[in-house]
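**Q** Sequence plus predicted model, see below.
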Amino acid sequence: MTYTLISVSSITYAMKAKTLLNNTGRYCEIERQERNSRVGCGYSLRIKDDPQTVCEILERAGIAIKGRQTVERGR
């Protein structure tokens with residue numbers, strides 16, 4: 001399974017972003033980052049949709065993206 005983690009600047013923005021994306025029909029979840037992460041506040045959005053499209057939606061809504069990482073998990 002492949003998904004993308006998008007780091008945001010605060011838990012408040014993570015919650016706003018989740019609501020925005022879910023309301024536009026895009027599934028996402030808020031995920032706690034590892035303690036050694038150097039970007040964001042410790043929270044990311046886990047998405048399966050096209051990351052570029054999602055980032056554009058968030059930026060248009062005034063939600064700054066602090067980082068983006070693609071994760072591949074084995075079955």
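**A** Structure received.
**Q** beta partners for the closest residue to K48 other than its chain neighbours?
**A** Excluding its sequence neighbours, the residue lying closest to K48 (CB to CB, 6 or more residues apart in numbering) is Y3, at 5.2 Å. From N, CA and C alone the C-beta is placed, and that goes for glycine too. When bridges are called by DSSP bridges, Y3 pairs up with V71.
**Q** Y3 is in contact with R68, isn't it?
**A** No - Y3 sits out of contact with R68 when judged by CB atoms under 8 Å, with a separation of 11.4 Å.
**Q** can you pull out the strands in this protein?
**A** 2-8, 28-32, 43-47, 65-72 (DSSP state E).
**Q** Looking at these, which one is packed in the most?
**A** Greatest average neighbour count among these goes to strand 43-47 (a mean of 23), per mean count of other CB atoms under 10 Å.
**Q** Check which residues of the longest helix seen in the chain are buried.
**A** The longest helix of the chain (DSSP state H) is helix 11-23. For helix 11-23, burial by neighbour count (16 or more other CB atoms under 10 Å) applies to 13-14, 16-18, 20-21.
**Q** Serialize these to JSON lines and add fields for pLDDT.
**A** JSON lines is the format used below for the buried residues of helix 11-23 (pLDDT from 0 to 100):
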{"residue": "Y13", "pLDDT": "94"}
{"residue": "A14", "pLDDT": "95"}
{"residue": "K16", "pLDDT": "97"}
{"residue": "A17", "pLDDT": "97"}
{"residue": "K18", "pLDDT": "97"}
{"residue": "L20", "pLDDT": "97"}
{"residue": "L21", "pLDDT": "96"}
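**Q** The closest residue to A61 other than its chain neighbours: what's it in contact with?
**A** Nearest residue to A61, sequence neighbours excluded (CB to CB, 6+ apart): L20, at 5.6 Å. The contact partners of L20, by CB atoms under 8 Å, 6 or more residues apart in numbering, come to 57-58, 61, 63.
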